[in-house]
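**Q** Dropping a prediction and its sequence here:
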Protein chains: 2
Amino acid sequence: MGTEDDVTPVARPGRPYDRSRDAQILAVTLDALAEREYEHVTIDAVAQRAGRAKTTLYRRWPTKVDLVLAAVEAAGRPPEADELPDEGTLRADLLAVVDSPWLGGPERRLAIFTGLTSAARSSDRLADAVRTTVTEPYVAVYRALLQRAVDRGQVAAELAPRVPLLAQVIPAMSGHRLGATGEPAGREFFVSVVDQVVLPALAHPPGPATPA
Amino acid sequence: MGTEDDVTPVARPGRPYDRSRDAQILAVTLDALAEREYEHVTIDAVAQRAGRAKTTLYRRWPTKVDLVLAAVEAAGRPPEADELPDEGTLRADLLAVVDSPWLGGPERRLAIFTGLTSAARSSDRLADAVRTTVTEPYVAVYRALLQRAVDRGQVAAELAPRVPLLAQVIPAMSGHRLGATGEPAGREFFVSVVDQVVLPALAHPPGPATPA
């Protein structure tokens, strides 16, 4: 789940605390966010589900914002930000991002993002965290994939000026759909945006007929 | 300002109230939203700026949500929703929407929308109102303009399936930019989205070289 890195136990003089089980609590927090609106998530319910004492959670994360912030930080950023997919075509690379196993795969991940969007509405700190650890890394991934396609000659060089704006289209459309319908953007919506907006704007015919 | 229609004085037996000056108070409310975050807008400041007694406003709109809701309703919906621009080219039609004089023209209108976006984060009722009176009508306007271009043969008929999704791109990108930068999407950003995303996805070259 990519959550282990940030929860290595740290020995602090005078404040011993076993952080080795934080990962499990934070994963349960993400599960809760995937299942209901942020306002209906409670520290008590997370504690119960994680099989931990409420006081343990409250001591470590005094408020729900603190708990969710910790869960976002533990999730890290999309692994594609560190290693770009390389599937042979721009379309396959873009679809590899939505099909990523990160955070349990597309279904759980998109549900978590929906919960985080409702959380971001309630807290400026959470909004900042979601922007810097989720939205901005995804825009960077799309920008890198599109620019690489230009560099490889898969996209005409004169279309390179469109890359920065087109890199924002998928996150923007996902957020818009969520706001307009309350429904998370699923894989099908993502594929439509790739095939009907992003690839055509780069003079690529939509898939699956896109040449390799 | 397009606000007069909804504030015609109404005589109600047993509850006389002069609504003829509501329009001015609600216009001042929009000015306040154009200038600062929703959380910093106060009924008292609106009353002072409108030159009205605070009690008058509180009697009519007991909470800030009520006041802003009334301002949104008084503003009505984009006039383009009732009469589509018809400037001869799809590009000119799309730009006519951003250059609309509605709500005082692009600068004030986009600033108001920024304020309403911050308001929508604070109140589900306001979020619903913004969605139904601003976002959805704009998506409908873009959908109608794109579909009309298909019907007129300005866009290839086989691209018609892209119209519903492309109609969402401009509102989605404006909302995304605001969330990502805190800055409203100005005219220049809008033109970029038209020229680098929407028109190319309909196999139109970007303007200003777009043929009439």
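**A** Looks like it arrived, so ask away.

**Q** Now do the residue most central in space within chain A against chain B, distance only.
**A** Central residue of chain A (Cα atoms, centre = their mean): A:Val134, 4.6 Å from the mean position. In this view, A:Val134 and chain B are 12 Å apart by Cβ to the nearest Cβ, to the nearest Å. (Glycine included, C-beta is placed from N, CA and C.)

**Q** ok, now A:Ser192?
**A** Distance, A:Ser192 to chain B, using Cβ to the nearest Cβ: 6 Å.

**Q** For the nearest residue to that residue once chain neighbours are set aside, give me its contacts.
**A** Leaving aside its sequence neighbours, A:Ser192 sits nearest to B:Leu165 (Cβ to Cβ, 6 or more residues apart in numbering or on different chains; 5.8 Å). Counting by Cβ atoms under 8 Å, 6 or more residues apart in numbering or on different chains, B:Leu165 touches A:173, A:192-193, A:196-197.

**Q** Go ahead and confirm the residue nearest to the centre of chain A touches A:Gly115.
**A** No - the pair A:Val134 / A:Gly115 is not scored as a contact, 11.7 Å apart, by Cβ atoms under 8 Å.

**Q** Do the lowest-mean-pLDDT helix or strand in chain A and chain B come into contact?
**A** In chain A, no helix or strand scores lower on mean pLDDT, DSSP states H and E than helix A:169-181, which sits at a mean of 87. Yes - under the criterion of Cβ under 8 Å from any Cβ of the partner chain, chain B is reached by helix A:169-181 at A:169, A:171-173, A:175-177, A:179-180.

**Q** In that helix, which residues are buried?
**A** Residues A:169-180 are the ones in helix A:169-181 that count as buried (16 or more other Cβ atoms under 10 Å in any protein chain shown).

**Q** mind putting those in TSV, distance to A:Pro62 included?
**A** Output for those, formatted as TSV (distance: Cβ to Cβ, whole Å):
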residue	distance to A:Pro62
A:Val169	39
A:Ile170	36
A:Pro171	31
A:Ala172	34
A:Met173	37
A:Ser174	32
A:Gly175	30
A:His176	34
A:Arg177	34
A:Leu178	29
A:Gly179	30
A:Ala180	35
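
**Q** Pick out whichever of those sits closest to A:Tyr38.
**A** Closest to A:Tyr38 out of the buried residues of helix A:169-181 is A:Leu178 (13.0 Å), distances taken as Cβ to Cβ.

**Q** re the thing from before, okay if I get the contacts of B:Leu165 as JSON lines plus secondary structure?
**A** Formatted as JSON lines, those follow (DSSP: H, G, I helix; E, B strand; the rest coil):
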{"residue": "A:Met173", "secondary structure": "helix"}
{"residue": "A:Ser192", "secondary structure": "helix"}
{"residue": "A:Val193", "secondary structure": "helix"}
{"residue": "A:Gln196", "secondary structure": "helix"}
{"residue": "A:Val197", "secondary structure": "helix"}
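
**Q** tell me the two of the residues you listed that are most distant?
**A** Every pair of the contacts of B:Leu165 checked by Cβ to Cβ; the farthest is A:Met173 and A:Gln196, at 10.1 Å.

**Q** Up against chain B, what does chain A have?
**A** Residues of chain A found near chain B (Cβ under 8 Å from any Cβ) are A:121, A:127, A:131, A:135-136, A:139, A:161-162, A:165-166, A:168-169, A:171-173, A:175-177, A:179-180, A:192-193, A:196-197, A:200-203.

**Q** Looking only at the helix or strand hosting A:Ala149, what residues are buried by neighbour count?
**A** Assessed by DSSP states H and E, A:Ala149 sits inside helix A:136-151. Within helix A:136-151, the residues that qualify as buried are A:137-139, A:141-146, A:148-150, counting by 16+ other Cβ under 10 Å.

**Q** same deal with stretch A:185-197?
**A** A:185, A:189-197.

**Q** Tell me how many other residues crowd A:Lys54.
**A** A:Lys54: 14 surrounding residues under other Cβ atoms under 10 Å in any protein chain shown.

**Q** do the one 5 residues further on as well
**A** Summarising burial for A:Arg59: neighbours were counted as other Cβ under 10 Å, giving 10.

**Q** which SS state does it fall under?
**A** Under the three-state scheme (three-state DSSP), A:Arg59 adopts helix.

**Q** and if you look at A:Val97?
**A** What three-state DSSP gives for A:Val97 is helix.

**Q** Ends of stretch A:98-113, what's the gap?
**A** 12 Å (Cα to Cα, to the nearest Å).

**Q** Check stretch A:158-174 too.
**A** Stretch A:158-174 has an end-to-end distance of 28 Å (Cα to Cα).

**Q** tell me the domain ranges of chain A?
**A** A:5-75, A:79-201 (automatic domain parsing).

**Q** And those: which comes nearest B:Arg60?
**A** Proximity to B:Arg60 (Cβ to Cβ) singles out domain A:79-201 among those, at 28.0 Å.

**Q** from the chain's centre, how far out does that closest one sit?
**A** Centroid separation for domain A:79-201 versus its chain: 9 Å, with Cα atoms, centre = their mean, to the nearest Å.

**Q** Show me the contact partners of the least confident helix or strand of chain A.
**A** For helix A:169-181, contacts defined as Cβ under 8 Å, 6+ apart pick out A:94, A:113-114, A:117, A:135, A:138-139, A:142, A:183-185, A:189-190, A:193-194, A:197-198, A:201, B:127, B:131, B:135-136, B:139, B:165, B:168-169, B:171-173, B:175-177, B:179, B:197.
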